[in-house]
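> Turn this into a structure:
(chains A and B)
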Protein chains: 2
Amino acid sequence: MKNIFFTPGPSELFFTVEEHIKNGLKKNIYSISHRSKEFKIIYADCVNNLKELISIPDGYHVSFLSSANEIWERLIQNLVLNDSGHLVNGAFSKKFYEFALLNNINAKSYIFDKIEYATDNIIQSHELLSLTLNETSTGIMSSENKISDIRSKVANSLISLDCVSGLPSIPFNISDVDTFYFSVQKCFGLPSGLGVWIYNDRCLEKHYNIKEKKITGTYHSLEMLHKMSLKNQTPETPNVLAIYVLSKVLEDMNNIGLDMIIRDTNYKSSLIYDTINKHKDLSTFIKNKKIQSKTVAVADTKRENIHYINKLKKKGLIIGKGYDSTKNQIRIANFPTHSKEVFELLCDELNKL
Amino acid sequence: MKNIFFTPGPSELFFTVEEHIKNGLKKNIYSISHRSKEFKIIYADCVNNLKELISIPDGYHVSFLSSANEIWERLIQNLVLNDSGHLVNGAFSKKFYEFALLNNINAKSYIFDKIEYATDNIIQSHELLSLTLNETSTGIMSSENKISDIRSKVANSLISLDCVSGLPSIPFNISDVDTFYFSVQKCFGLPSGLGVWIYNDRCLEKHYNIKEKKITGTYHSLEMLHKMSLKNQTPETPNVLAIYVLSKVLEDMNNIGLDMIIRDTNYKSSLIYDTINKHKDLSTFIKNKKIQSKTVAVADTKRENIHYINKLKKKGLIIGKGYDSTKNQIRIANFPTHSKEVFELLCDELNKL
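Reported below is the predicted structural model:
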């Protein structure tokens, strides 16, 4: 039997990905020109399928980049002249904050250590305020309405939301944010190598206001990305394979239905936290249930994580280590491709350890 | 029968690519962590296979980025404080020059219109002087020893060489340049979405000298790329599929042998130019044989290009249009995956038009 990956990304491929990759080979998709009519149709389909799946409102636009790391860089280059604010609750939100500093931005970090974001007066207005729907490193999720709360407090800031390991499994109100983004190797179950950036008209307006005052990039300035996206193209030769396969996976997800994906996510999430809570060797890293991530469960382990990881590996179940060099933590992804059956199997095997 | 792509990239996949992609699926390569031992081995193999194929000297290093467009941006950000020079002989070398301007660099372009680079005193020293091994838009190749000539005239400049559609089919002396780069969807016959950047110790030294004086990027600053490459890793989650498949294609090319690849390239190149020269409707765009590209033949057409393109398409042979909106030009790629047999077939069909 093939291993099943519960790692927090790259992870198990969405169950239709293999077929789509092979169909792409059959149909010569990876040989066509990125300036051809055929590619423009793939591009438009991908954007439309995404808009349908997560109900993107009018006035929001979609561009394709190479990674979430790249999108952090482009956000700072294109939308911030002087200052940004970063709600930091893990390694990835911290990295985005550090990217701002590297760009000589007067960046401020608000550190929330394993607790919920505060929405009182400590959060000021910034040109860009960065939030995270789901921190992949710590397994902290934004609780319901939290993003709306923050939106109401900083009406003048552009708000960006890191959805890397959250979309489409964790719902949020898109109108509360001005820009959001994800990479495809998490919930969408694709091979890595594509980042998707969604931005609204306020972002474009801000970009046009500041673009003469600083260096905003070259081929991937927001202006260039947007201009080309209107022609269903990218400025450079993109990862055509990933855009094609993403389009097909989005089509599959639309057929399954977002409600079903979210319902299954919630069910599997209950299963895994229940298993962790009852386990003699495991305990949840995040105690507040409202912010326990639905898609990346993080557990502290009594013995070194490698003990549990290796035992499960022998059963063909691959789980993740804690982020960075933490030795007493495991991370378990709960993505749409993980069926209820394999999750039950995983929990059974965890119980036996 | 499947179509055969003679487009100048994306193009026909290298004949082993389909099998490698499928093997990657079987072996779960697209699910493994980019921080795992398994990935580090793939990374190291890919670098070593490339070093073997084109005999990269000591003191040169390899990093993986997302496209040649990105590498242009990183070259300017990381290696140039004030000024750069650009030998422009087509749309892509011009674009790199424009990227420098967008970064507020005092960039100078030396325009060579369909003729060979001059090596007399007009070319000055610059922090970075940019050359092109093979201009994909116009089909102009650097003639033998030209790069060495230029090297001897501008000893103090870093020299960068755009090898996007040249490597490994068009040989050059690597020691003549400080940095060079290519993307994988041309001669290497991969799906697009990976750029490979090679830089030497002089580039690193220059980067360390200027990095405190300007913004040199974030996750893909040369320092960060290099630091991670020493650990056989990338700063971000990369296009693992492409790095894996490239490694395998490089292995195949090493088995075939670079000499054989170059010999076949030269043979097929003679065939196509001979066909163009004898054709009543076609004439070579570049007249000087010394700089006629071996890998991208460009021909002016008597009737609109679409006439020839469509006729060949009916035979399953896909050739390229002229670059941009030119209506009376075609481009034909001669990459390692195109066998002598399919090239003879293409020339036969061209003769019948």
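
> Those residues of the stretch 201-350 of chain A touching chain B, which are they?
Within the stretch 201-350 of chain A, the positions adjacent to chain B are A:215, A:217-221, A:235-242, A:318, A:320 by C-beta under 8 Å from any C-beta of the partner chain. C-beta here means a position set from N, CA and C on the backbone, and glycine is covered the same way.

> Most neighbours among these, please name it.
Counting neighbours by other C-beta atoms under 10 Å in any protein chain shown, the top entry in these is residue A:239, with 32 neighbours.

> Which residues are in contact with residue A:7?
A:318-320, A:331, A:333, B:31, B:33 (C-beta atoms under 8 Å, 6 or more residues apart in numbering or on different chains).

> just residue A:136 next, same as before
The neighbours of residue A:136, taking C-beta under 8 Å, 6+ apart as the test, are A:8-9, A:90, A:92, A:164-165, A:186, A:296, A:323.

> residues in the stretch 1-150 of chain A within reach of chain B, list them.
A:2-3, A:5, A:7, A:9-13, A:18, A:21-22, A:25, A:28, A:30-34, A:66-70, A:72-73, A:76, A:98-99, A:102-104.

> Just those: which are in strands?
If you go by DSSP state E, these have residue A:5 in strands.

> Narrow the residues of the stretch 1-150 of chain A next to chain B to those that are buried.
Neighbour counting with 16 or more other C-beta atoms under 10 Å in any protein chain shown marks A:3, A:5, A:7, A:9-13, A:21, A:25, A:28, A:30-34, A:66-70, A:72-73, A:76, A:98-99, A:102-103 as buried within the residues of the stretch 1-150 of chain A next to chain B.

> distance of residue A:339 from chain B?
16 Å (C-beta to the nearest C-beta, to the nearest Å).

> got it, and residue A:251?
Computed as C-beta to the nearest C-beta, the residue A:251 to chain B distance reads 20 Å.

> returning to that earlier point: ok, which pair from the residues of the stretch 201-350 of chain A next to chain B is furthest apart?
Spatially, the most separated pair among those is A:215 and A:318, at 42.1 Å (C-beta to C-beta).

> Show me where chain A has its strands.
Going by DSSP E, chain A shows strands at A:4-6, A:60-65, A:83-88, A:106-111, A:128-132, A:134-135, A:140-141, A:158-162, A:179-183, A:195-200, A:282-284, A:296-301, A:317-321, A:329-333.

> May I see these arranged in CSV, with distance to residue B:57 as well?
Output for these, formatted as CSV (distance: least, C-beta to C-beta, whole Å):
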stretch, distance to residue B:57
strand A:4-6, 39
strand A:60-65, 34
strand A:83-88, 43
strand A:106-111, 41
strand A:128-132, 44
strand A:134-135, 44
strand A:140-141, 48
strand A:158-162, 42
strand A:179-183, 36
strand A:195-200, 35
strand A:282-284, 52
strand A:296-301, 44
strand A:317-321, 38
strand A:329-333, 42
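
> Need the winner for burial among the ones you listed.
The highest average neighbour count among those, using mean count of other C-beta atoms under 10 Å in any protein chain shown, belongs to strand A:134-135 at a mean of 30.

> average pLDDT for it?
Per-residue pLDDT values across strand A:134-135 average out to 98.

> partner strands of that strand, parallel or antiparallel?
Partner strands and pairing direction for strand A:134-135 (DSSP bridges) are strand A:140-141 (antiparallel).

> For the partner strand, give me every contacting residue.
By C-beta under 8 Å, 6+ apart, the list of residues contacting strand A:140-141 reads A:89-90, A:112, A:114, A:132-135, A:166, A:170, A:286, A:291-295.

> just stretch A:249-256 next, same as before
A:14, A:16-17, A:20, A:45-46, A:49-50, A:52-53, A:168, A:188-190, A:261, A:336.

> Tell me which of the buried ones among the residues of the stretch 1-150 of chain A next to chain B fall in helices.
Among those, the members found in helices (DSSP state H) are A:21, A:25, A:68-70, A:72-73, A:76, A:98-99, A:102.

> Helices - which of the residues of the stretch 201-350 of chain A next to chain B land there?
If you go by DSSP H, these have A:240-242 in helices.

> Can you tell me which residue of the stretch 51-200 of chain A sits closest to chain B?
Across the stretch 51-200 of chain A, the shortest distance to chain B (C-beta to the nearest C-beta) belongs to residue A:193, at 3.1 Å.

> my guess is that residue meets residue B:242, correct?
Yes: using C-beta atoms under 8 Å, residue A:193 is in contact with residue B:242, at 6.6 Å.

> List the buried residues of the helix ranked longest in chain A.
In chain A, taking DSSP H as the definition, the longest helix is helix A:258-278. Applying a neighbour-count criterion of 16+ other C-beta under 10 Å, one finds A:258, A:261-262, A:264-265, A:268-269, A:271-273, A:275-276 buried in helix A:258-278.

> Can you tell me what sits against that helix?
Against helix A:258-278 from outside (C-beta under 8 Å, 6+ apart): A:53-54, A:168-171, A:253, A:282-284, A:289, A:292, A:294-295, A:297, A:299, A:332, A:334, A:336, A:338, A:340, A:343-344, A:346-347, A:350-351.

> Which PyMOL command selects the buried ones in these?
Restricted to buried positions by 16+ other C-beta under 10 Å, the PyMOL selection for the contacts of helix A:258-278 reads:
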select buried, chain A and resi 53+54+168+169+170+171+253+282+284+292+294+295+297+299+332+334+336+338+343+346+347+350
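
> Ranking helices and strands of chain A by mean pLDDT, which lands last?
Scoring the helices and strands of chain A by mean pLDDT, DSSP states H and E places helix A:146-153 at the bottom, with a mean of 94.

> Give me the buried positions along it.
For helix A:146-153, by 16+ other C-beta under 10 Å, it's A:146-147, A:149-151.

> And the closest residue to residue A:201 other than its chain neighbours, how far from residue A:204?
Nearest non-adjacent residue to residue A:201, counting by C-beta to C-beta, 6 or more residues apart in numbering or on different chains: residue A:59, 4.8 Å away. Here the distance between residue A:59 and residue A:204 works out to 9 Å (C-beta to C-beta, to the nearest Å).

> can you list the domains in chain A?
A:4-12+A:257-352, A:17-255 (automatic domain parsing).

> between these, which one is nearest to residue B:84?
Taking C-beta to C-beta, domain A:17-255 is the member of the domains of chain A nearest to residue B:84, at 13.2 Å.

> mind checking the end-to-end distance for the closest one?
15 Å (C-alpha to C-alpha, to the nearest Å).

> dump the residue contacts of residue A:299.
Residue A:299 sits next to A:276, A:279, A:282-285, A:329-332 when contact means C-beta under 8 Å, 6+ apart.

> residues contacting residue A:82?
Residues near residue A:82 by C-beta under 8 Å, 6+ apart: A:105-106, A:127.

> residues contacting residue A:347?
Applying C-beta under 8 Å, 6+ apart, the residues near residue A:347 are A:271-272, A:274-275.

> Just the buried residues of stretch A:229-236, please?
Counting neighbours by 16+ other C-beta under 10 Å, stretch A:229-236 gives A:229, A:232-236 as buried.

> from those residues, which is closest to chain B?
Using C-beta to the nearest C-beta, residue A:236 comes nearest to chain B of those, at 3.8 Å.

> so what's the closest one up against?
A:219-220, B:66-70.

> switch to 7 Å and redo it
For residue A:236, the contacting residues are A:219, B:67, B:69, by C-beta atoms under 7 Å, 6 or more residues apart in numbering or on different chains.

> Just confirm the first one contacts residue A:237, I think it does.
No: here residue A:219 does not reach residue A:237: they are 10.4 Å apart, not a contact under C-beta atoms under 7 Å.

> one step back: what's the farthest-apart pair in the contacts of residue A:7?
So, those by C-beta to C-beta: farthest apart are A:331 and B:31, at 14.7 Å.

> related to what we said a few turns ago, among the strands of chain A, which comes closest to residue B:157?
Comparing the strands of chain A by C-beta to C-beta, strand A:60-65 comes nearest, at 31.8 Å.

> Nothing else from me, thank you.
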